[in-house]
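A.B. asks: got a predicted structure here, sequence first:
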Amino acid sequence: MTITRTDIAAPAVAATALTKTYGAGSTRVEALRGVDVAFERGRFTAIMGPSGSGKSTLMHCLAGLDSADSGSILIGGTEITSLTDDQLTRLRRDKVGFVFQAFNLVPTLTAEQNILLPLQLAGRKHDAAWLATVVETLGLGGRLAHKPHELSGGQQQRVAVARALLTRPDVVFGDEPTGNLDTRTGAEVLSLLRSSSREMGQTIIMVTHDPAAASYADEVLLMRDGELVGALADPTPESVTAALAGLGA
């Protein structure tokens, strides 16, 4: 099934005829079966499906963290499937942000130093005005001098979100970004992701198993057996739960 969106501007991320297989013989698994998908700029999309549906594999391939067997992937207009490892590293650094379940902060650095680290590693200067905007939007103004162990889980994830947004990437990928947070804190982080999409124009693609988390997105894409099988606009926890039940999740 092809999920497409019409937009004058080129999509932030797009894939065509994407396939990925693991194993061989009796253990062979088709993780992706000819997936076609495009993600509009400035939209927040959640990808959901039963365990083994291919949602994490799709995200990892789209982000250049895993290689597809065949097909095409574009990030910000750049075809990534033919890039070398060094070129992929530079593309991920410049065009892609990540927010994982584990916060992945360096414990010896302050919050501000963690936010700035990717740019410093790339030898690039940061935009002070943009940093101030991101810090203010995420409510981190009074926490920049604190180290991770001095921050709550929610504050640590806000730092991770700020780090992902600082380079103004074409896309931010979220892999169960609230999986280690309590319900209230997770809702705060999801609200921040949604506001970064709606107010900053950030494109966000999130894999989650949680219908409540998915309800913060503009749209939910549904996967089963390595294929995209449907989409929900303006999702609610109830509509997502019902859709997943229909997939056997």
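C.D. replies: Sure, I can see it. Numbering: from 1, shown residues only.

A.B. asks: what pLDDT, on average, does stretch 33-40 get?
C.D. replies: The average of the pLDDT scores along stretch 33-40 is 96.

A.B. asks: with stretch 96-116 instead?
C.D. replies: Averaging pLDDT along stretch 96-116 gives 93.

A.B. asks: can you measure across that stretch, start residue to end residue?
C.D. replies: 15 Å (CA to CA, to the nearest Å).

A.B. asks: so which bits of it are buried?
C.D. replies: Across stretch 96-116, burial judged by 16 or more other CB atoms under 10 Å covers 96-100, 103, 105, 110-116. C-betas here are computed from N, CA, C, even on glycine.

A.B. asks: tell me which two of those residues sit farthest apart.
C.D. replies: Greatest spacing in these, by CB to CB: 96 and 110 (24.0 Å).

A.B. asks: let's check: the centremost residue of the chain is which one?
C.D. replies: In the chain, the C-alpha nearest the mean C-alpha coordinate belongs to residue 173, at 1.4 Å (CA atoms, centre = their mean).

A.B. asks: what about the closest residue to that one other than its chain neighbours, distance to residue 154?
C.D. replies: Nearest residue to residue 173, sequence neighbours excluded (CB to CB, 6 or more residues apart in numbering): residue 63, at 4.8 Å. Distance, residue 63 to residue 154, by CB to CB, to the nearest Å: 24 Å.

A.B. asks: more crowded one of these two?
C.D. replies: residue 63 (23 against 20; other CB atoms under 10 Å).

A.B. asks: my guess is that one contacts residue 98, does it?
C.D. replies: Yes - Residue 63 is within contact range of residue 98, at 7.2 Å (criterion: CB atoms under 8 Å).

A.B. asks: who touches both of the two?
C.D. replies: residue 173 (CB atoms under 8 Å, 6 or more residues apart in numbering).

A.B. asks: quick check: buried residues in whichever helix in the chain runs longest?
C.D. replies: For the chain, the helix that runs over the most residues, judged by DSSP state H, is helix 183-200. Neighbour-count burial for helix 183-200, counted by 16+ other CB under 10 Å, picks out 185, 186, 187, 188, 189, 190, 192, 193, 194, 196, 197.

A.B. asks: packing partners of that helix?
C.D. replies: Helices and strands touching helix 183-200, by 3 or more CB pairs under 8 Å, 6 or more residues apart in numbering; DSSP states H and E, are strand 44-48, helix 128-137, helix 153-166, strand 171-175, strand 204-207, helix 211-214.
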